[in-house]
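Enquirer: quick one, fold the following:
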Amino acid sequence: MFCLAMRYDVLCEEFLSRNFQRFWYDKPKNMIPESFIQELINRVDIYDVINKSVPLKKAGANYSACCPFHNEKSPSFTVSPTKQFYHCFGCGAHGTSIGFLMEYQGLSFVEAVQELAKIAGMIVPQETQIPISRNKRLFLACRKRFKQRLIIIVPN
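Expert: Here you go, the predicted structure:
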């Protein structure tokens, strides 16, 4: 038996140079940037979004109504335009204008963002993000563990 020592980066480059792309990356996913979502929530008034579906009444600094998510006789659904947030003290439903559209109209997250963007007159940007597959995560963890040298024992 003899021992062959190679630097890990040489071995990694050789390994990477082989065409292992299908093992390394999952399918690309189109992502909506977080900064766009925050800007959208800040631009759209939650009062206008909810008042189209549920008639709201002024109650101090906030607005109130009977909750659209459960049956009730007295209003426990509150909308805060300053915080851009809604909350129901009866059933506990709460969230932003995106969450309201998802719950009330049964939209997905992306559909709700697109609907709000249409209301605000904005175009939804798309970022393509390629998630790293499990194989690459394992390889990177092994490479990190064996920093300087990788020893391969080859039988005679």
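
Enquirer: there's contact between Tyr86 and Pro68 in this structure, I believe.
Expert: No - taking contacts as CB atoms under 8 Å, Tyr86 lies outside contact range of Pro68: 10.0 Å. (Glycine included, C-beta is placed from N, CA and C.)

Enquirer: who's more crowded, the two?
Expert: Neighbours per residue, other CB atoms under 10 Å: of Tyr86 and Pro68, the larger number sits with Tyr86, 28 against 16.

Enquirer: SS state for the more buried one?
Expert: Per DSSP: H, G, I helix; E, B strand; the rest coil, the local secondary structure of Tyr86 is strand.

Enquirer: the helices in the protein, which residues?
Expert: In the chain, the helices defined using DSSP state H lie at 8-17, 21-24, 34-43, 46-51, 97-105, 109-120, 134-145.

Enquirer: mean pLDDT lowest for which of those helices?
Expert: The stretch with the lowest mean pLDDT among the helices of the chain is helix 21-24, at a mean of 44.

Enquirer: and the gap between the spatially closest residue to Phe69 that is not a sequence neighbour and Tyr47?
Expert: Using CB to CB, 6 or more residues apart in numbering and skipping the chain neighbours, the partner closest in space to Phe69 is Ala93 (4.7 Å). Ala93 is 17 Å from Tyr47, where distance means CB to CB, to the nearest Å.
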